[in-house]
Structures are given as structure tokens and as C-alpha cells.
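Enquirer: here is the input, now give the coordinates:
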Amino acid sequence: MQIATLLASPARADLDRATVEALRNAWGGGPARWLNPGIAAEFAVAKAPANRWETWTALQGLGIDLVVQPEAGRRKRMLLADMDSTMIGQECIDELADMAGVGPRVAAITARAMNGELDFEGALLERVGLLKGLPESVIGQVLAERITFTPGGRTLVATMKRNGGYTALVSGGFTAFTTAVAAGLGFDEHRANTLLAADGHLTGDVARPILGREAKIAALREISARLGLAHSDVIAVGDGANDLGMLHLAGAGVALHAKPAVAAQCDIRINHGDLTALLHIQGYAAEDFA
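Expert: A predicted model of the protein is given here:
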């Protein structure tokens, strides 16, 4: 049995009954269950329809996300999340670079790296090199003035934890940011790269080994093994090319507002919903949220 979930942006809450029922009837689905009025609804189908992606494309034009996945095992026991442009709305290195006066140059490299056009490790070292000499205190300023949590993040983490789930933040960014973001959102643990500093200024380098695509895969394997969980028990979320490994390994890999080249390689694509979409696709209704 498969579950089809339709999701709209919570800011618009414009998922209407007619759209849900039209798709349910076309696919011969079971009764629609509303998880959140105007935002999320689901119904069961015997198998994933052949026109799934054509339907997905049509619904995207209406501002609606569509996810089709097996009913069995969809409620996960671990969340593994990327940080930059996923749990927060910014790329931390781009914000630091802007403070250092090299913002456009670094942002261009970031965009290419996240789209899979550049080697992640090389791109990271090149960008960090441009931050050499920046006062370490700027990190706190960026955290205070520029970093915002993605809508639904706290609810996602709190709801999964309340239901026995474990939550880990794994970033190709920096521990100076993941420490604060993990604490602010309630994650159980976090992993990231360490920016090196001396005499109160960034040295333009990071500690080794560098946490990139392979390290995110390793984090999924290590943490799930430690907890006695299967990879199928994990829901992972990210937006960049360096997230693809963990997204493919997890039982549910969610491309959230992802780069087009990344989203194209994932079966679960959330382009309109916020982070609470990750709860709805697991079958949580709004009244179940923490």
C-alpha cells in the first residue's frame, strides 16, 4: 500500500478539498484524511501511479507538493538534518564572507558547490581561505543579526523527540554555528567543521578531516548503529549536492527547497511546504505536533 500526501505552504494554507478529491478519484484512492486543514491531506492507493511525476509537475504549478511513499515504516525514529538553507534560512559562510567584504565571490562558489558543479572540499577550502583575518567575534554578530530558523524546525525536532525519535544536525558548515543552532532547535547532537582561529582572528583554514558528503553518510551509519536503528528508520533532509549521499541512504530522503539538480535525484521533494511537511509525510496530524 502507498500513501499519497498533498502539501501546501502553511503561509498560504490553500490546499482545497476539490484538488485532493480530484486526485483521489483519478487514482482510485481510499478516503482522504486531512492532517492539517488547508495545508496537508493524504489518501491510500494500491500502488504508485504511472503518472506520478506528471501529476507532481502539474501540482507544482498550483503551489502544491505531492509525495508518494510506502505506508509501511513511514514513521521514522531518527532525523538527520543539514543546517545551511535547511534548518536555517542562510548559508553561514556566505554571511561571514559578506562581513569580510568578499560576499559575492564566496556566494557564487557556494551556489556552484551546492549544485554539484564543484568538489565540496576544494570549494570549502577556497571560500574559507577568503575569510583569513576576519575577527572571530564576527561569528557571534552573524548569529545574532543574520541567522533565522526555517519555519517548522522547532516543531519538527520537538515532535520527533516526543515520539521517541533521535535528532542529529550534520553540516558541512561550522561548529561555531551548529552549536547555537542545535541548542536553539533542540537537536540531540551536532557535527560540523571547525573554523581555525589564532589571536582572535580566523586563519583561513578548517580542522581536518573535513566534514563533507562522505562524512554525512558516515554520520547516518554511525549514529543509527549506535542507537540500534536500521537506515530505513531514518528521515534525512537537505538541499545541496553534498547531502545526496545521506538522502539516498536514509529510509526517507527529503530534498527541501533544494537545488534543481539535487531535487531531480530525490523521490521526496518539498518545494512549497516548510519543515512540518516532514511530519505530515510521516502521518502526523497538526494535533500531534509538539
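Enquirer: when you work out contacts or count neighbours from here on, use the C-alpha atoms and nothing else.
Expert: OK.
Enquirer: residue 165 is in contact with residue 187, correct?
Expert: No: when contacts are counted by C-alpha atoms under 8 Å, residue 187 is not listed as touching residue 165 (10.6 Å).
Enquirer: and the two? which has more neighbours close in?
Expert: residue 187 (22 against 18; other C-alpha atoms under 10 Å).
Enquirer: kindly provide the distance from the more buried one to residue 220.
Expert: 15 Å (C-alpha to C-alpha, to the nearest Å).
Enquirer: can you check residue 258 too?
Expert: The gap separating residue 258 from residue 220 is 20 Å, by C-alpha to C-alpha.
Enquirer: now for the longest strand along the chain, which elements pack on it?
Expert: The longest strand of the chain (DSSP state E) is strand 166-174. Secondary-structure packing of strand 166-174 (3 or more C-alpha pairs under 8 Å, 6 or more residues apart in numbering; DSSP states H and E): strand 78-81, helix 153-162, helix 175-185, strand 189-193, helix 213-227.
Enquirer: which of the ones you listed sits closest to residue 62?
Expert: Closest approach to residue 62 among the helices and strands packed on strand 166-174 is made by helix 153-162 (24.3 Å; C-alpha to C-alpha).
Enquirer: and residue 110, what's its pLDDT?
Expert: Looking at residue 110, its pLDDT is 86.
Enquirer: equivalent analysis for residue 249, please.
Expert: 98.
Enquirer: same question for residue 105.
Expert: Reported pLDDT for residue 105: 91.
Enquirer: and the nearest residue to residue 136 once chain neighbours are set aside, how many neighbours?
Expert: Distances taken as C-alpha to C-alpha, 6 or more residues apart in numbering place residue 201 nearest to residue 136, at 4.9 Å, with adjacent residues excluded. By the measure other C-alpha under 10 Å, the count of residues near residue 201 is 16.
Enquirer: then residue 18?
Expert: Number of residues near residue 18 (other C-alpha under 10 Å) recorded here: 9.
Enquirer: for residue 228, same thing?
Expert: Neighbours of residue 228 (other C-alpha under 10 Å): 10.
Enquirer: gap between the residue nearest to residue 230 when sequence neighbours are not counted and residue 273?
Expert: Of all residues not flanking residue 230 in the chain, residue 224 sits nearest, at 6.4 Å (C-alpha to C-alpha, 6+ apart). Distance of residue 224 to residue 273, computed by C-alpha to C-alpha: 27 Å.
Enquirer: one more: residue 213?
Expert: For residue 213, the distance to residue 273 - C-alpha to C-alpha - is 25 Å.
Enquirer: which one's more surrounded, the two?
Expert: A count of neighbours by other C-alpha under 10 Å puts residue 273 above the other of residue 213 and residue 273, at 26 against 20.
Enquirer: residue contacts, that one?
Expert: Neighbour list for residue 273: 7-10, 65 [criterion: C-alpha atoms under 8 Å, 6 or more residues apart in numbering].
Enquirer: who wins for most neighbours among those?
Expert: Using other C-alpha under 10 Å as the neighbour test, the contacts of residue 273 are led by residue 7, with 31 neighbours.
Enquirer: return the set of residues that bridge with that residue.
Expert: residue 40, residue 65 (DSSP bridges).
Enquirer: hang on, it packs against residue 41?
Expert: Yes: with contact defined as C-alpha under 8 Å, residue 7 and residue 41 form a contacting pair (6.9 Å).
Enquirer: poorly predicted segments of the stretch 51-200 of the chain, please.
Expert: Along the stretch 51-200 of the chain, no part satisfies pLDDT under 70.
Enquirer: element containing residue 26, please.
Expert: Taking DSSP states H and E as the criterion, residue 26 maps to helix 17-27.
Enquirer: tell me what that helix is packed against?
Expert: Packed next to helix 17-27, using 3+ C-alpha pairs under 8 Å, 6+ apart, are strand 40-45.
Enquirer: next one: the strand it packs on to chain centre, how far?
Expert: In terms of C-alpha atoms, centre = their mean, to the nearest Å, the centre of strand 40-45 is set 22 Å apart from its chain centre.
Enquirer: export only the CA atoms of that strand, formatted as PDB.
Expert: Below are the C-alpha coordinates for strand 40-45, written out as PDB (Å, rounded to 0.1, in the frame of the first residue of the first chain):
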ATOM      1  CA  ALA A  40      -1.900  18.700   4.300                       C
ATOM      2  CA  ALA A  41      -4.100  15.800   3.300                       C
ATOM      3  CA  GLU A  42      -3.400  12.100   2.400                       C
ATOM      4  CA  PHE A  43      -5.000   9.000   1.000                       C
ATOM      5  CA  ALA A  44      -4.000   5.500   0.300                       C
ATOM      6  CA  VAL A  45      -3.500   3.900  -3.100                       C
END
